[in-house]
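J.: sequence unknown, structure follows:
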């Protein structure tokens, strides 16, 4: 099976921006890959002048929020680390029946890599000028953050357009729609860096060594 991979543009975010940025990206991808019945729900971001669309499913929202919480916890333990989140779509197939019973395998057909560089928030401090007067640099920092915020907003828009272009251009690898209830036509998983590995990909690499090609990973 052909597995397409999309590496989204890297975004530099501050800690308090992680949740909104990831919600926007993950929900956008899932919405565009939901081929069944959906109830679109428009969401306005609080930090940016951007509106995105969710599928309007509580289970999806819960799963995404849980993964974001896990990622935020990882980011707190690994400050100033670049990291990736991988959203993958797959099919579930039955393997041959063995002595241990029927086994399932995951056939991945699409991976989305979301790259974030979580930067520390600059501290507001005061400096002394040449005549020993205290100069408050808070205004300068606020201006710098405003400029950085505008840059991040533009980059986030680029990512959303990148998602739309990929979905429109890459269609041949999408499997036939299975007969499932609900709007999500294909199962998916969201992988985040583990608490023990500072670099994303170690868990996936270990699973590859244990189970073979990433498109044929056994389910847990």
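T.: Received, thanks. On a predicted model such as this, the values are computed, not experimentally measured, just so you know.
J.: scan this structure for its longest helix.
T.: In the chain, ranked by residue count with DSSP state H as the criterion, the top helix is helix 138-169.
J.: right, and the helix or strand after that one?
T.: The helix or strand immediately downstream of helix 138-169 is strand 188-191, counting by DSSP states H and E.
J.: who touches that following strand?
T.: The contact list for strand 188-191, computed with CB atoms under 8 Å, 6 or more residues apart in numbering, reads 26, 30, 33, 63-64, 67, 85-90, 203-204. C-beta here means a position set from N, CA and C on the backbone, and glycine is covered the same way.
J.: one more: stretch 48-62?
T.: Outside stretch 48-62, the residues that touch it by CB under 8 Å, 6+ apart are 20, 24, 27-28, 30-31, 34, 38-45, 149, 152-153, 156-157, 160, 182-184.
J.: quick check on those: which are buried?
T.: Listed as buried from those are 20, 24, 27-28, 30-31, 34, 38, 45, 152, 156, 160, 183-184; burial here means 16 or more other CB atoms under 10 Å.
J.: pLDDT weak spots in the chain?
T.: Scanning the chain for pLDDT under 70 picks out the ranges 1, 36, 95-102, 121-138, 178-185, 195-220.
J.: residues near the closest residue to residue 67 other than its chain neighbours, how many?
T.: Excluding the flanking residues, the one nearest residue 67 by CB to CB, 6 or more residues apart in numbering is residue 190, at 4.4 Å. Using other CB atoms under 10 Å, residue 190 has 20 neighbouring residues.
J.: show me where this structure has its helices.
T.: Under DSSP H, the chain gives helices at 18-32, 58-77, 138-169, 202-211.
J.: I'd say residue 90 and residue 111 touch.
T.: No - using CB atoms under 8 Å, residue 90 makes no contact with residue 111, being 9.6 Å away.
J.: one step back: and the contacts of strand 188-191, which of them are buried?
T.: Buried by 16+ other CB under 10 Å: 26, 30, 33, 63, 64, 67, 85, 86, 87, 88, 89, 90, out of these.
J.: distance of the last one relative to residue 172?
T.: Put plainly, it is residue 90. As judged by CB to CB, to the nearest Å, residue 90 and residue 172 stand 17 Å apart.
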